[in-house]
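Engineer: what follows is a predicted protein model with its sequence.
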Amino acid sequence: LGATLVSMFAALCPERVGRLLLIEGLGPLTLAVDKTCEQLRRSLTARAAFKGNGLRVFPDLDAAIEARRSAGQLSGQAARCIVERGVRVAREGGGDGEGGLERGDAVPRGLSGVGVQRTQSKSGDGDLGLEKDQALPGLSWSSDPALTLPSPTRLTEEQLAVVLPNIVAKTLLVLAEPEAPYLQRATMQARIALLGDIEVVRMQGSHHLHLEDPLPVAAAINRFLEAG
């Protein structure tokens, strides 16, 4: 998602991007023009059925990590990186009224269970500490569930081919091997050919290779930046 957003921004506002770093993405998912009606139907049906609630509640962080790992075929390390910043205390009718961590607040990084709660420090300086034996009501995802709804429309590959050449920044694209099903090599090669100044680095790994084995990815990024 990050690579999708930033590559489109670089194309639409090229004067604001000096260098572009992309991991596992160049442009958004596209759709064949003959699938337009089907996509609109899927989107409208899903939005009509959407209730805006029903987020799954996990008893602790480890349970959320395992659910994310299983659903996305991720390593435990990658799942933990994503989940630790992507859960909050489950909402159950608003705040807890205790002046500490309220339901709906973000969970402290590294919290592995629901028996620890973040509270205001006794000094009153606004720092946050950890206090034991204060049970939390469980954890849920912090993202807006509406983000899972299908988009009404998507660009076609032909439309994207008009957009991407507007990227003028020197670009580094890191791609995993084997490629993800939604990043087919032929499609990505056609997109890469649209950019005038792009370096492509392929590494063994999954879509989240920067989380599973960050050092080689960081090394490639550092080399790119140091080259000027």
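Structural biologist: Ah, there it is. Residues are numbered from 1 along each chain as shown.

Engineer: can I get the CA coordinates of stretch 194-201 in CSV?
Structural biologist: The C-alpha coordinates for stretch 194-201 follow below in CSV (Å, rounded to 0.1, in the frame of the first residue of the first chain):
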residue,chain,number,x,y,z
LEU,A,194,7.8,3.4,-18.2
LEU,A,195,10.2,5.1,-15.8
GLY,A,196,13.3,6.9,-17.1
ASP,A,197,15.6,6.5,-14.1
ILE,A,198,14.9,3.4,-12.0
GLU,A,199,17.1,0.7,-10.4
VAL,A,200,15.5,-2.6,-9.6
VAL,A,201,16.8,-4.9,-6.9
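
Engineer: got the buried residues for it?
Structural biologist: In terms of neighbour count (16 or more other Cβ atoms under 10 Å), stretch 194-201 has its buried residues at 194-195, 198, 201. Using the backbone N, CA and C atoms, a C-beta is placed for each residue, glycine as well.

Engineer: can you list the domain ranges for the chain.
Structural biologist: What the record gives for the chain is the domain set 2-40+149-226, 61-146, from automatic domain parsing.

Engineer: list the contacts for Thr153?
Structural biologist: With contact taken as Cβ atoms under 8 Å, 6 or more residues apart in numbering, Thr153 is in contact with 31, 36, 39-40.

Engineer: give me the buried entries from these.
Structural biologist: Neighbour counting over these (16+ other Cβ under 10 Å) leaves 31, 39 as the buried ones.

Engineer: would you turn the domains of the chain into TSV with mean pLDDT?
Structural biologist: Formatted as TSV, the entries for the domains of the chain read as follows, by pLDDT from 0 to 100:
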stretch	mean pLDDT
domain 2-40+149-226	96
domain 61-146	64
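
Engineer: I'd like the ones you listed as JSON lines, with distance to Ala49 appended.
Structural biologist: Conversion of the domains of the chain to JSON lines gives the following (distance: least, Cβ to Cβ, whole Å):
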{"stretch": "domain 2-40+149-226", "distance to Ala49": "9"}
{"stretch": "domain 61-146", "distance to Ala49": "12"}
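
Engineer: which one of the ones you listed lies nearest to Lys51?
Structural biologist: Proximity to Lys51, assessed across the domains of the chain by Cβ to Cβ, is greatest for domain 61-146 (9.0 Å).

Engineer: end to end, how far does that closest one reach?
Structural biologist: 23 Å (Cα to Cα, to the nearest Å).

Engineer: what of stretch 187-202?
Structural biologist: 15 Å.

Engineer: how much space is there between Val162 and Leu194?
Structural biologist: From Val162 over to Leu194 the distance is 9 Å, taken as Cβ to Cβ, to the nearest Å.

Engineer: do the same with Leu12
Structural biologist: 15 Å.

Engineer: do a quick rundown of the helices in this structure.
Structural biologist: Secondary structure of the chain (DSSP state H): helices located at 2-12, 36-49, 61-72, 76-84, 157-163, 185-192, 209-212, 214-226.
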